[in-house]
Every structure is written in C-alpha cells, then in structure tokens.
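# Just a sequence and a predicted model for now, questions to come.
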Amino acid sequence: MLPKPLDSPYTSCYCEENIYFLVHRFLEQAEVKATWDISAVFISNATKTVALWSQLKAPAANTAVIWDYHVVLVLRSRSGSQCRLLNTSPSIEEETWIYDFDSILEMPSRWEEYVEQTFPPDSDIPPQYRSLFRVVSGEEYLCSFASDRSHMLSSTAGTLPEYISPPPPYPIICGPLAAAHGFTNNLMTHFVSMESTSKGYGTVMNREAFISWCSHQCT
C-alpha cells in the first residue's frame with residue numbers, strides 16, 4: 001500500500017523543509033523502507049529558472065510556474081528492476097511514485113504522469129527553463145541538510161530584513177552530519193546548485209537521465 005503524507009508539516013514556499021519531514025516520516029516506516037528507496041529530488045538549473053507545469057501557484061491553467069528551485073520526494077521500487085527484466089506489469093509496490101505538495105496532480109502520482117504533466121521535453125522549451133534533477137538518498141538528506149532560511153529574507157535600505165513568505169513555526173533544520181561539519185546553511189551550495197563545480201550531495205541528472213532512473217532503465 002502506498003504511504004500517505006497524512007499530517008506531515010507543510011509551509012508554502014518552503015518545499016525543501018516539507019520534503020525533509022516527509023522523508024523522515026517515511027524512513028520511520030519499516031514497510032516503506034523495505035519496499036522503496038526514498039529520495040529527495042531537487043529541481044533547478046544554472047540560472048535558477050526552471051519551468052514547471054501543473055503547479056498550484058500557476059497564474060492560469062496550462063501555464064508554467066518559474067521556480068528558482070523545487071523539491072519533491074520519490075519512492076523508487078526496490079523490485080522494479082526485476083519486474084522490468086521479466087517484462088511483467090508492475091504492481092503498486094513495483095512502481096516509482098512522486099510526491100509534490102505544490103502540484104495539482106494526485107499525490108502521489110505515478111512517475112510517468114508526473115513527468116509528462118510537469119516537465120515538457122527539453123526540445124519544447126528554451127534552454128534557460130529546462131530542469132536538472134539532483135537525486136539525494138533520504139538518509140543522506142536527513143543527515144546532511146542545513147538551512148537557516150536566509151534565502152527567504154529580503155531587505156531594503158534602512159529596514160530590517162523580512163521574510164518573503166512566513167517561515168515555518170518550528171526551529172531551523174540542521175542535520176547531524178551538517179552540524180558536525182560546521183554547516184548552518186548548505187541549501188544553495190550543496191543541494192540547489194546544479195553546476196559541475198558544485199560540492200553537492202547525490203547525483204545530478206538531466207530530464208532523460210531522470211526518466212531512465214525512475215523507470216529503472218539505468219539499473
């Protein structure tokens with residue numbers, strides 16, 4: 001049975017923290033861990049202008065939202081590769097599922113529907129709006145992520161910084177490994193950045209590689 005994000009914390013415009021807590025919730029469930037690999041997927045590009053369709057904040061139907069970055073959770077079946085080799089129809093537990101709190105699509109969605117409805121083929125959109133995907137294992141994300149939310153502060157001359165969007169009510173997040181390395185904020189440098197010089201966690205993929213990963217074609 002697919003796990004549901006019931007009662008998982010959600011704050012608008014803090015997708016990385018929403019997914020952090022959802023990863024934590026799923027990793028606490030032994031059945032979920034035994035059935036799926038749990039990953040946080042950061043979506044951005046070198047210019048921090050990625051176009052995503054089917055988003056709740058879209059100004060109108062069938063139009064894109066331009067995010068600097070976005071984050072979703074992916075459940076990737078541990079048995080999906082075997083199912084593909086046997087050329088059999090996958091069960092729910094043998095498929096890849098995507099959780100996006102900010103999408104108009106069903107949550108979770110089968111990866112095929114989510115990718116098709118959210119990311120048009122790269123050839124259909126200008127290069128500056130094409131998405132790259134940083135796939136980070138759930139365990140690494142919980143241990144290594146840190147954010148002081150400074151990226152959400154805006155200030156003008158003579159005024160104190162104010163949050164662009166109200167922050168969550170709970171304390172800032174700093175994973176144990178991040179704290180051990182002295183990080184208080186590595187969101188942009190180690191997770192959002194998609195540049196080749198980035199010291200980020202996980203693996204960066206283009207759309208084609210992400211599709212292959214979701215479908216187990218690269219296993």
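That came in fine, so what should we check first?
# then the longest helix that the chain contains to PDB, C-alphas only?
Longest helix of the chain, by residue count under DSSP state H: helix 15-27. Provided in PDB are the C-alpha atoms of helix 15-27 (Å, rounded to 0.1, in the frame of the first residue of the first chain):
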ATOM      1  CA  CYS A  15       9.400  22.900  -0.200                       C
ATOM      2  CA  GLU A  16      12.800  21.700   1.000                       C
ATOM      3  CA  GLU A  17      11.600  21.500   4.600                       C
ATOM      4  CA  ASN A  18       8.300  20.000   3.700                       C
ATOM      5  CA  ILE A  19      10.100  17.200   1.900                       C
ATOM      6  CA  TYR A  20      12.600  16.800   4.700                       C
ATOM      7  CA  PHE A  21       9.800  16.000   7.100                       C
ATOM      8  CA  LEU A  22       8.100  13.700   4.700                       C
ATOM      9  CA  VAL A  23      11.400  11.800   4.100                       C
ATOM     10  CA  HIS A  24      11.700  11.500   7.900                       C
ATOM     11  CA  ARG A  25       8.200  10.100   8.200                       C
ATOM     12  CA  PHE A  26       8.600   7.500   5.500                       C
ATOM     13  CA  LEU A  27      12.000   6.400   6.800                       C
END
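# Output the contacting helices and strands for that helix.
Helices and strands touching helix 15-27, by 3 or more CB pairs under 8 Å, 6 or more residues apart in numbering; DSSP states H and E, are helix 30-35, strand 36-44, strand 70-77, helix 138-144. All C-beta atoms are positioned from the backbone trio N, CA, C, and that covers glycine.
# repeat that with 6 Å
Applying 3 or more CB pairs under 6 Å, 6 or more residues apart in numbering; DSSP states H and E, one finds that helix 15-27 contacts strand 36-44, strand 70-77, helix 138-144.
# residues making contact with that helix?
The contact list for helix 15-27 (CB atoms under 6 Å, 6 or more residues apart in numbering) reads 3, 5, 8-10, 32, 38, 40, 70-71, 73, 101, 138, 141-142, 168, 173.
# Selection in PyMOL covering whichever of those are buried, please.
A single PyMOL command selects the buried members of these (16 or more other CB atoms under 10 Å):
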select buried, resi 3+5+8+9+32+38+40+70+71+73+101+138+141+142+168+173
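# Can you mark which positions in the longest helix of the chain are buried?
Taking 16+ other CB under 10 Å as the criterion, helix 15-27 shows 15, 16, 17, 18, 19, 20, 21, 22, 23, 25, 26, 27 as buried.
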